[in-house]
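> Take a look and give me a structure for this.
(one chain, ligands or ions: 1)
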Amino acid sequence: MEKRVFNFSPGPAVLPTAALEEARRDLLALPGVGISILEISHRSATFTEIIAAAEANLRKLLAIPENYRVLFLQGGALLQFATIPMNLSSGGANPAYILTGTWGNKAMKEVKAAEPTVVWDGKSTNNSRVPTQDELEVPADAAYVHITSNETIQGVQFPVEPDVGGVPLVCDSSSDILSRPVDIEKYGLLYACAQKNAGPAGVTIVIVRDDLLERSPAELPSMLNYKLLAEKKSLLNTPPVFAIYMVKLVTDWLLREIGSLEEMARINRRKAQLLYDAIDRSGGFYQGHAEPGSRSVMNVPFRLADAALDVPFLERAAENGLTSLKGHRSVGGCRASIYNAMPVEGVQALRDFMLDFCENNK
Ligand code: PMP
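Sure, this is the predicted structure:
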């Protein structure tokens, strides 16, 4: 078999080898069923069990309370950027946005039928940190307040949720869902595309509090109506069967091999620390983007002080089996995405390579 490299891609991203092996083993026929997951009806008893198990795993890992629905939707996180205001700010109230990077800005841009309030904008500090609590004044009558818990491009992550009073907190958790425990009760709605920490591209997880479903206007197209999608248990039309199956396998792996999100968070912090230490101890050879208190545990963007070394760095890294380290085109430099499925050994190998490269090129 082709050797697997350490893949630091921001998404679609590394998946647990155990989940891939299980999918490969059962690809021709699910055990006891004799049909592939790619060929089975979404209304079959087998798939009904698979989607229920995926939901049960998420409920267990994230301790999702009874009064929240879990939806498996299509269209990526980007479609949720538009669907959220269509459903939650339909009664005339305007939403509010806390902007800490590229994705939060893109989310706000999709608000078409309301006037979003910008509560805080990290633009003046080049999106290098999250706001402090005393910088936030959330309008009490906002329909909701939106945050991006982890900005994938800037590598800026909220260490804890901001306090937004009684306004429903809506969170794009695309690049840090399942990386650490969260108190779901602090959220009105939390959503995440799967292709970083939860599975492959093609499914987006939405966790929404029951009472907010009452805001969905009846005239919305069915596929954009949270209330209807929840009533139909994500089976209004054919769901992304294979992607949901993979979410089940990935969350099975988390429960079986990691045990809990507390443990996952401990491992993730350890991995991130290895890279931030290498950056901090390089004497300025490597420069991180985010301020220390806002550093992401999932995405570590950094630049080489001498930009002419970017290409040799990336080439040498790839030769050493460390791939997809190029930074996002909007910020340049490098970025190591170290999601749940990136093993500690992969991060150690990158850390060793970085120290070595620095030593030989400074
Ligand atoms: N939000 C965040 C934080 C992301 O990182 C991404 C994808 N990189 C998106 C939204 C967009 O997700 P999708 O491509 O599934 O629409």
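> Compute the distance from the centre of the lengthiest helix in the chain to the centre of its chain.
Counting by DSSP state H, the longest helix found in the chain is helix 261-280. Computed by CA atoms, centre = their mean, to the nearest Å, the chain-centroid distance of helix 261-280 equals 17 Å.
> Quick check: next helix or strand after it?
strand 286-288 (DSSP states H and E).
> helices or strands up against that following strand?
helix 261-280, strand 299-304 (3 or more CB pairs under 8 Å, 6 or more residues apart in numbering; DSSP states H and E). Any C-beta I mention is one placed from the backbone N, CA and C, and that applies to glycine too.
> Just checking: what are the partner strands of it?
Strand partners for strand 286-288, identified by DSSP bridges, are recorded as strand 299-304 (antiparallel).
> quick one on the thing from earlier: which positions in the longest helix of the chain come out as buried?
261, 264-265, 267-268, 271-272, 274-276, 278-279 (16 or more other CB atoms under 10 Å).
> can you put those residues in a markdown table and add pLDDT and distance to the ligand?
Formatted as a markdown table, those follow (pLDDT from 0 to 100; distance: CB to the nearest ligand atom, whole Å):
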| residue | pLDDT | distance to the ligand |
| --- | --- | --- |
| Leu261 | 98 | 19 |
| Met264 | 98 | 19 |
| Ala265 | 98 | 18 |
| Ile267 | 98 | 21 |
| Asn268 | 98 | 16 |
| Lys271 | 98 | 18 |
| Ala272 | 98 | 17 |
| Leu274 | 98 | 22 |
| Leu275 | 98 | 19 |
| Tyr276 | 98 | 20 |
| Ala278 | 97 | 24 |
| Ile279 | 97 | 21 |
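> Tally up the residues packed near Ala114, please.
Neighbour count for Ala114, taken as other CB atoms under 10 Å: 17.
> For it, give me its contacts.
Ala114 makes contact with 85, 89, 93-95, 143, according to CB atoms under 8 Å, 6 or more residues apart in numbering.
> ditto for Leu99
Neighbour list for Leu99: 105, 108, 118, 120-123, 127 [criterion: CB under 8 Å, 6+ apart].
> try 10 Å
Shown in contact with Leu99 (CB atoms under 10 Å, 6 or more residues apart in numbering): 105, 107-108, 116, 118-123, 127, 131, 146-148, 151.
> and what of Leu28?
By CB under 10 Å, 6+ apart, the contact list for Leu28 reads 34-39.
> Would you write a PyMOL line that selects the buried entries of these?
To isolate the buried members of these in PyMOL, using 16+ other CB under 10 Å:
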select buried, resi 37
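> What is the most widely separated pair among the contacts of Leu28?
Greatest spatial distance among those (CB to CB): Gly34 and Leu38, at 13.4 Å.
> before we move on, back to that, relative to Ala317, which of the helices and strands packed on strand 286-288 is closest?
strand 299-304 (11.5 Å).
> OK, now which residue of the stretch 51-200 of the chain is nearest to the ligand?
Closest to the ligand within the stretch 51-200 of the chain is Gly76: 2.6 Å, counting by CB to the nearest ligand atom.
> picking up where we left off before, any of the contacts of Leu99 buried? List them.
Buried among the contacts of Leu99 by 16+ other CB under 10 Å: 105, 107-108, 116, 119-122, 127, 131, 146-148, 151.
> I appreciate the help and will end here.
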